[in-house]
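Participant: This is a predicted model, with the sequence first.
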Amino acid sequence: MKSIIFSLICFFTFAGFVFSQDKIKIDDDQSFLVLSTKRIQTMEKELDEVAVKGFRVLYGAPTQQYDMSILLKRVPEAASEPYNYKVLATSRLKTMEKELNDLAKQGYQLLPRTIIFKQGFITAELVMLMESAPKSNKAYEYKLVQGRKEVKIHKEIDKGGEQGFLPVTMIVIGENVVVLEKEIPLSEKF
C-alpha cells in the first residue's frame with residue numbers, strides 16, 4: 001500500500017512538473033521574448049500562447065543546435081485581438097510556394113525577416129513564418145524565383161513585376177531564391 005501511495009505521489013509530482021513546463025513564463029512588464037525550439041509544431045503552439053499575451057514576431061534566426069529562434073515584441077493593442085501565426089518548413093521550393101499560397105489565400109502574409117535555412121544532421125529545410133492580422137481583409141500571392149545566374153533571376157523578377165509582384169526578400173540556399181509577393185483583393189482569391 002505504501003508503495004502505491006508513493007508511486008501516486010511521484011506520478012502527480014512528475015505530471016505537475018511536465019504540465020508546468022508547457023506554459024511560457026512571461027513577466028507583466030516584459031517587452032521582448034525569445035522562443036527557441038527544434039519542432040515546428042512546438043513553435044506554432046508557443047506562438048499562439050504568447051500572441052494572446054500581446055506579442056508579435058520581429059525576427060527569426062537559426063541557432064547552432066539545429067533550432068529556430070524567434071524574437072517577439074509586446075504590442076499592447078495586440079493582446080485584445082491577437083495575431084495568428086503559421087510556421088512552414090519544407091526542403092522543396094515548389095512545396096514551399098504551394099504552402100505559402102494556400103495560407104496567403106486565408107489572409108496570412110510572409111514575414112521576410114523570419115526566413116531561415118535550418119540544417120539538421122541529416123536533413124535541411126527552409127522555414128518561413130506567416131502572420132495573419134486580426135480582421136484582415138487582404139489576401140496575397142507568392143512566387144519563388146530561383147537560379148544560380150543573376151541574368152535568369154533578373155528576367156524572372158521583371159516578369160513577376162509585369163504581373164504585379166514585388167520582391168520582398170532573398171535567400172541563398174545553394175542558389176539564389178527571391179520571394180515575390182503581391183496583394184490581391186479578397187474577391188480575387190485564387
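Facilitator: Perfect, I can see it now.
Participant: Which positions within stretch 125-136 qualify as buried?
Facilitator: For stretch 125-136, the neighbour count (16 or more other Cβ atoms under 10 Å) marks 125-133 as buried. For glycine as for every other residue, the C-beta is placed from the backbone atoms N, C-alpha and C.
Participant: Who does the residue sitting nearest the centre point of the chain form a beta bridge with?
Facilitator: Central residue of the chain (Cα atoms, centre = their mean): residue 129, 2.2 Å from the mean position. Residue 129 has the following beta-bridge partners by DSSP bridges: residue 87.
Participant: residues touching it, list them.
Facilitator: Counting by Cβ atoms under 8 Å, 6 or more residues apart in numbering, residue 129 touches 57, 60, 70, 85-88, 110-111, 114-115.
Participant: out of these, who has the most neighbours?
Facilitator: residue 70 (25 neighbours; other Cβ atoms under 10 Å).
Participant: Verify the contact between residue 139 and residue 107 for me.
Facilitator: Yes. Look at residue 139 against residue 107 with Cβ atoms under 8 Å: they come within range, at 5.8 Å.
Participant: Skipping adjacent residues, who's closest to residue 124 in space?
Facilitator: residue 91 (6.1 Å; Cβ to Cβ, 6 or more residues apart in numbering).
Participant: State the pLDDT value of that neighbour.
Facilitator: On the pLDDT scale, residue 91 is placed at 88.
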